[in-house]
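Asker: build me a structure from this.
(one chain, ligands or ions: 2)
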Amino acid sequence: MQVTVSPSTVSGILNAPVSKSAMQRACAAALLHNGATNLYNFGNSNDDKAALNIIQQLGVTVKEMHDHLSITSNGFPPTQKINATTIHCGESGLSFRMFAPIVATSVMPITLTGEGSLVKRSMSFFDEVMPLLHVGIQSNNGFLPLQLKGPLVADDIIIDGSMSSQYLTGLLFAFAHTVTSTKTITVNNLKSKPYIDLTLQVMQHFGYQIKHSNYQQFIIEPHKNKASSTINYLVEGDWSNAAFLLVAGAIAGDVTIKGLQPTSTQADKAIVTVLRSANATINVDNDVIAVHKSDLHAFEFDATDAPDLFPPLAVLAVNCKGTSVIKGVHRLTSKESDRAVAIKDIFTKMGASIWVDNDAMYIEGATLQGATVHSHHDHRIAMAATVAALKASSTVIINDAAAVNKSYPTFYSDIAKLGVPIIETYI
Ligand SMILES: O=C(O)C1=C[C@@H](OP(=O)(O)O)[C@@H](O)[C@H](O)C1
Ligand SMILES: C=C(OP(=O)(O)O)C(=O)O
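Answerer: Ligands and ions are numbered 1, 2, ... in the order given. All right, here's what the predicted structure looks like:
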């Protein structure tokens, strides 16, 4: 799909998109929970669908009710044979890395596979770690598909947390669900730390208690509360994608988003701090966040632990007077695209001046021009190009714009609700 966005002001109130990070974790927890889980405010993105699909392939029943998903699991690993021996994870890095250790707790040999950008993302962490947990593994030179032969036996291990927090998320679920005595995961150089807070928060909701000391040692005790019961879980609003909408308000009008928890553990709620540091007018009233256009000035932010904020912050930076600095560039190489390259590409085509020096990206404030850009098959790059187009001097055409479906299928219709002329063309 191609999208043409005309420069425009924005005005309106939107409900926050749904957090796919919270939703996918809740799906994993619902799989492990022996009983029923009701998921409220459930998401419908491709990554959400990937997680739902995985748990159904693993034997769980999912029924869509009037206002929630009713998920029934007999616990995992199931006592009877699993129907599928190949589990498809769509294009979701989190689902792949989180469910790999979980499925490895089964005695069944299982192959995990995926599609699109996921086939280009390294999974070599598992080649090193699975054997330490008695899991046989065959990968495609560190890439998918992965063939796993468990059962995983939790043990005290030391892992590298610098590539992605998603591996630790998966190990925490698998350990917490299976340990029969206390085990410790020692993590060196953990990045994206708040995502682990989110993991622990979801796990706590489902009865797992995990302690850690400064994100370095995670102590996992046997799970005491395995009784079958119904758990209700409300999926929270998504700060990561809401960041694009809030930036749209800060540069081009008035935007109010309902349903974002300021107390969330999500890394990307830091958007509020950055907007303030750039002199945006922002009002936080419980879960309602309002942003108004104002004179913006350059800011500095370290996005090492909030890498998904890079694309919306690049849009903000280009609309600020002066040169902004965003640190944490090394965290961008293994996402849906190499995001440093993709950001540089689309903004340079629109006439901005961007350069990278070591781990920092420098972005000069500029008046953008219209251009034809490509999403690099990356949802966050397509959204960044759309919001940047609001302040361009003429229309911006975005190719492979349907990439947004990975996390925010209603993104273009929400942007249109803010009064932005958007034309979708199917070519
Ligand atoms: O756990 C999660 O939900 C995520 C963790 C982050 O990945 P890394 O831990 O690889 O930085 C983030 O970029 C990704 O979009 C979602
Ligand atoms: C990198 C992302 O997701 P994942 O790693 O789960 O594919 C993202 O949503 O930006």
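
Asker: how about residue 211: what's its closest non-neighbour residue?
Answerer: Computed as Cβ to Cβ, 6 or more residues apart in numbering, the closest residue to residue 211 that is not its neighbour in sequence is residue 219, at 4.8 Å. For the C-beta atoms, the positions are set from N, CA and C on the backbone; glycine is no exception.

Asker: tell me how many other residues crowd the one you found.
Answerer: Using other Cβ atoms under 10 Å, residue 219 has 13 other residues around it.

Asker: ok, it - contacts?
Answerer: 182, 183, 184, 210, 211, 212 (Cβ atoms under 8 Å, 6 or more residues apart in numbering).

Asker: can you check residue 132 too?
Answerer: Going by Cβ under 8 Å, 6+ apart, the list of residues near residue 132 reads 155, 157.

Asker: so where's the stretch 1-150 of the chain uncertain?
Answerer: 79-83 (pLDDT under 70).

Asker: buried set for the helix or strand harbouring the residue nearest to residue 211?
Answerer: Secondary structure assigned from DSSP states H and E places residue 219 in strand 217-220. Applying a neighbour-count criterion of 16 or more other Cβ atoms under 10 Å, one finds 218, 220 buried in strand 217-220.

Asker: how far off centre is it?
Answerer: Put simply, strand 217-220 sits 24 Å off its chain's centre (Cα atoms, centre = their mean, to the nearest Å).

Asker: and if you look at stretch 243-259?
Answerer: 20 Å.

Asker: buried set for that stretch?
Answerer: Here stretch 243-259 shows 243-257, 259 as buried, counting by 16+ other Cβ under 10 Å.

Asker: I'd say residue 293 and residue 247 touch.
Answerer: No. Contact criterion Cβ atoms under 8 Å: residue 293 and residue 247 do not qualify, at 10.9 Å.

Asker: returning to what we had before: also near ligand 2: which of the contacts of residue 219, exactly?
Answerer: The subset of the contacts of residue 219 within reach of ligand 2, by Cβ under 6 Å from any ligand atom, is empty.

Asker: nearest to residue 23, of those residues?
Answerer: residue 210 (20.4 Å; Cβ to Cβ).

Asker: roughly how far is the helix or strand hosting residue 129 from the heart of the chain?
Answerer: Per DSSP H and E: residue 129 is located in helix 124-132. Here helix 124-132 shows a centroid-to-chain-centroid distance of 23 Å under the convention Cα atoms, centre = their mean.

Asker: if we can go back for a sec, which of the buried residues of stretch 243-259 fall within helices?
Answerer: Among those, the members found in helices (DSSP state H) are 243, 244, 245, 246, 247, 248, 249, 250, 251, 252.

Asker: for the closest residue to the fourth one other than its chain neighbours, list the residues it contacts.
Answerer: Okay, so that is residue 246. For residue 246, ignoring the flanking residues on the chain, the nearest one in space by Cβ to Cβ, 6+ apart is residue 291 at 5.0 Å. Residue 291 makes contacts with 246, 249, 250, 254, 255, 256, 275, 280, 281, 282, 283, as judged by Cβ under 8 Å, 6+ apart.

Asker: buried ones in stretch 138-149?
Answerer: For stretch 138-149, by 16+ other Cβ under 10 Å, it's 139, 144, 145, 146, 147, 148, 149.

Asker: counting neighbours, what do you get for the closest residue to the last one other than its chain neighbours?
Answerer: Among residues not flanking residue 149 along the chain, residue 136 sits closest, at 3.7 Å (Cβ to Cβ, 6+ apart). As a burial measure, the neighbour count of residue 136 was computed by other Cβ under 10 Å and equals 12.

Asker: how much space separates residue 136 from residue 115?
Answerer: With the distance defined as Cβ to Cβ, to the nearest Å, residue 136 ends up 24 Å from residue 115.

Asker: phi and psi next, for the residue nearest to residue 246.
Answerer: With angles defined as degrees, to the nearest 10, residue 291 sits at phi -130, psi 140.

Asker: quick check: it vs residue 347, distance?
Answerer: 21 Å.

Asker: what does residue 265 give?
Answerer: Taking Cβ to Cβ, one finds residue 265 at 31 Å from residue 347.

Asker: the more surrounded of the two?
Answerer: residue 347 (25 against 19).

Asker: show me the beta-bridge partners of residue 12.
Answerer: residue 255 (DSSP bridges).

Asker: tally of neighbours for it?
Answerer: Residue 12: 19 surrounding residues under other Cβ under 10 Å.

Asker: right, and it touches residue 255 too?
Answerer: Yes. Contact status for residue 12 versus residue 255: in contact at 6.7 Å, counting by Cβ under 8 Å.
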